[in-house]
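Novice: the sequence and its predicted three-dimensional model are supplied below.
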Amino acid sequence: MNKTLTLFLTLFSLSVFGQKNPTDEAQPIVAEGKLLYKSEMASWYGTDLFLENYKDRENIGGYFSYTDNDIAKCVFFSKTENPKVIGTISFDSTYNIKTAKINLTERDFTQAETDLYQIRKMALDELNANTDGLFKFYKNTNPNIIPLINGQEKKVYVLTGPQQSGVVIFGNDYLLTFDKNNKLVTKKQLHKNIIPIEYGKTEDGKEVVGAMHSHLPETGDFITATDICTLMLYEKFAKWETYNVVSEKYLNIWNCKTDQLNVIPMKTVDKINKDQEKKNKKKKKDE
């Protein structure tokens, strides 16, 4: 597999010399996916730490996470008409719960937190009302709401998380966008279906080192930010080395060990496959 990947990347780098590189084009998606991952990691570990240290469960209204100067924070707010922050759990890049900072001082939201709270609340209201039937809900899954403010952009992603072990779920994900006044502007489904992928050993005991799914044209040519977030959350549990997302135009190869993306045009992949077939036929003929 590694030799094949190296051959792909070598030939691809030669074929795109002087052209726009799709790997470079996809880097903003990678960056956004990593922001989503940081938020979800803070939520995963922050929830456990907060519940261990905060005893008034009836006062908990909810939580959200965000990144502030490379520090990932999970903020819990009260169940009151005018919510206040009742706990802040802060992590460095290791997400080590032993070095996480726990602050249970009650305080007002910052301006950034107010915006995150408001767009999260609007997304939750949309999810619960679901008047147009956009959102789908499946057994043994749970929707994860991730508000994200990046520069002037205000978004909320909704991912579908598994409630059973040994499964990674791609798809059934959504993106809601908001204006500067936190009013809902657009909402759309990213993948058109749900893609559960089991991981672990095969029936003969071999470890599965990779997996893949494909994108319909409406999902886009590139891997999505939600795909990247999900991969970074589960790749170590799944023990994958690579994960591929195939679209009509590109082969997206995600390296699960380095968390880097390479994007190869399908035309290049087809050419490599045809060349390999010719070599195999010639080798078989010469034997």
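Specialist: Yep, that arrived. Computed from a prediction, not measured in an experiment: that's the story for all the values here.
Novice: alpha carbons only for contacts and neighbour counts from here, please
Specialist: OK.
Novice: what is the subsequent helix or strand relative to the helix or strand bottoming out on mean pLDDT in the chain?
Specialist: Lowest on mean pLDDT, DSSP states H and E among the helices and strands of the chain sits helix 2-15, with a mean of 51. Counting by DSSP states H and E, the element after helix 2-15 in chain order, helix or strand, is helix 22-25.
Novice: buried residues, that next one. List them.
Specialist: 22, 23 (16 or more other CA atoms under 10 Å).
Novice: for that helix, packing partners?
Specialist: Helix 22-25 sits against strand 260-265, with contacts defined as 3 or more CA pairs under 8 Å, 6 or more residues apart in numbering; DSSP states H and E.
Novice: just the CA coordinates for the strand it packs on, please, in CSV.
Specialist: Coordinates of each C-alpha in strand 260-265 appear next as CSV, following Å, rounded to 0.1, in the frame of the first residue of the first chain:
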residue,chain,number,x,y,z
GLN,A,260,-2.2,15.3,6.2
LEU,A,261,-4.2,15.2,3.0
ASN,A,262,-3.1,14.5,-0.6
VAL,A,263,-5.6,15.0,-3.5
ILE,A,264,-5.0,13.3,-6.8
PRO,A,265,-7.1,13.8,-10.0
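Novice: for the record, mean pLDDT for it?
Specialist: Average pLDDT, strand 260-265: 97.
Novice: stretch 227-247 too?
Specialist: Mean pLDDT, computed over stretch 227-247, is 96.
Novice: export it to PDB, keeping only CA atoms.
Specialist: C-alpha atoms of stretch 227-247 as PDB (Å, rounded to 0.1, in the frame of the first residue of the first chain):
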ATOM      1  CA  ASP A 227     -15.000  13.900   7.300                       C
ATOM      2  CA  ILE A 228     -11.600  15.200   8.600                       C
ATOM      3  CA  CYS A 229     -13.000  15.900  12.100                       C
ATOM      4  CA  THR A 230     -14.500  12.400  12.300                       C
ATOM      5  CA  LEU A 231     -11.300  10.800  11.100                       C
ATOM      6  CA  MET A 232      -9.100  12.600  13.600                       C
ATOM      7  CA  LEU A 233     -11.500  11.600  16.400                       C
ATOM      8  CA  TYR A 234     -11.600   7.900  15.600                       C
ATOM      9  CA  GLU A 235      -8.600   7.000  13.500                       C
ATOM     10  CA  LYS A 236      -6.500   5.900  16.500                       C
ATOM     11  CA  PHE A 237      -9.300   3.600  17.800                       C
ATOM     12  CA  ALA A 238      -9.800   2.200  14.300                       C
ATOM     13  CA  LYS A 239      -6.000   1.800  13.800                       C
ATOM     14  CA  TRP A 240      -6.200   3.000  10.200                       C
ATOM     15  CA  GLU A 241      -3.200   4.100   8.300                       C
ATOM     16  CA  THR A 242      -5.100   5.800   5.400                       C
ATOM     17  CA  TYR A 243      -8.600   6.700   4.500                       C
ATOM     18  CA  ASN A 244      -9.800   7.500   1.000                       C
ATOM     19  CA  VAL A 245     -12.600   9.700  -0.200                       C
ATOM     20  CA  VAL A 246     -13.400   9.300  -3.800                       C
ATOM     21  CA  SER A 247     -15.300  11.800  -5.900                       C
END
